[in-house]
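J.: Generate coordinates for the sequence data below:
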Amino acid sequence: MSLPKFIVGMIFALAIVVGWSWLDGESLGTILMRALICAVVIQVGYFVLVFAMAVRSGPIPADKAREADRGIKVTEGEKLTARRGSLR
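T.: Prediction:
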């Protein structure tokens, strides 16, 4: 989920909580408390979601990342050195 979509969804959810509390006849303090609790729960949920996505993606080995960036084919066990392809 992108950040702009998250922000729009969070504002929409907070508006629902505030409207529901206001229609329920609650005091301003109760409305603010409910909105704050809702905002914290949404933020924690978003953090957990992004963290889980980052953990699930896993690390990329440095040699394979360099290979992909350069477009060089490296056989298994071959070391990437500066002398590779030199005339010596």
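J.: Could you name the helices and strands sitting against the longest helix along the chain?
T.: Longest helix in the chain, counting residues (DSSP state H): helix 28-57. Under the contact criterion of 3 or more CB pairs under 8 Å, 6 or more residues apart in numbering; DSSP states H and E, helix 28-57 touches helix 3-23. Quick note: C-beta positions are derived from backbone N, CA and C, even for glycine.
J.: related to what we said a few turns ago, please spell out which residues along the longest helix of the chain are buried.
T.: For helix 28-57, burial by neighbour count (16 or more other CB atoms under 10 Å) applies to 31, 34-35, 38, 46.
J.: Tell me the one among those nearest to Ala54.
T.: Tyr46 (12.7 Å; CB to CB).
J.: from memory that closest one sits against Phe6, does it?
T.: Yes - between Tyr46 and Phe6 a contact is recorded at 5.8 Å, counting by CB atoms under 8 Å.
J.: shaky segments in the chain?
T.: 1, 58-75, 77-88 (pLDDT under 70).
J.: same thing but at 80, please
T.: 1-2, 57-88 (pLDDT under 80).
J.: Now Glu26: closest residue in space, sequence neighbours ignored.
T.: Using CB to CB, 6 or more residues apart in numbering and skipping the chain neighbours, the partner closest in space to Glu26 is Arg34 (7.6 Å).
J.: And the one you found, how far from Ile7?
T.: Between Arg34 and Ile7 the distance, using CB to CB, to the nearest Å, works out to 19 Å.
J.: which ones are touching Cys38?
T.: Going by CB atoms under 8 Å, 6 or more residues apart in numbering, Cys38 touches 13-14, 17.
J.: again, only this time at 10 Å
T.: 10, 13-14, 16-18, 21 (CB atoms under 10 Å, 6 or more residues apart in numbering).
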